[in-house]
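# Sharing a model that was predicted from the sequence below.
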Amino acid sequence: MPIEVEHELHTRRKGRNYGVGLLLIGFIAIVFGLTVVKVLQLGDAGQFERTDHVLRPQLVPEEEVSE
């Protein structure tokens with residue numbers, strides 16, 4: 001026979017859980033939004049590769065390469 005009566009402590013916990021869940025969803029939305037804005041501002045995907053601060057030969061234009 002299951003217990004049907006819910007204690008008031010469970011009601012308060014449920015409310016806190018909803019609050020924490022909403023805060024988590026809000027944080028994820030902010031991080032996702034900032035990521036989308038940064039990628040859209042770059043425009044070209046080639047520019048996105050240049051932001052890692054590492055010199056890579058494939059990114060250097062052909063006229064600058066000296067052999």
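That came through fine.

# if you average pLDDT over the longest helix along the chain, what comes out?
Looking across the chain with DSSP state H, the single longest helix is helix 8-42. On average, the pLDDT along helix 8-42 is 91.

# Which neighbouring elements make contact with that helix?
Taking 3 or more CB pairs under 8 Å, 6 or more residues apart in numbering; DSSP states H and E as the contact definition, helix 8-42 has no neighbouring helices or strands. Every residue, glycine included, has its C-beta placed from N, CA and C.

# how about a cut-off of 10 Å?
Under the contact definition 3 or more CB pairs under 10 Å, 6 or more residues apart in numbering; DSSP states H and E, helix 8-42 sits against helix 45-49.

# Quick check: mean pLDDT of the helix it packs on?
Per-residue scores along helix 45-49 average to 60.

# ok, back up a step: could you pull out the buried residues of the longest helix of the chain?
Residues of helix 8-42 classed as buried: none (neighbour count, 16 or more other CB atoms under 10 Å).
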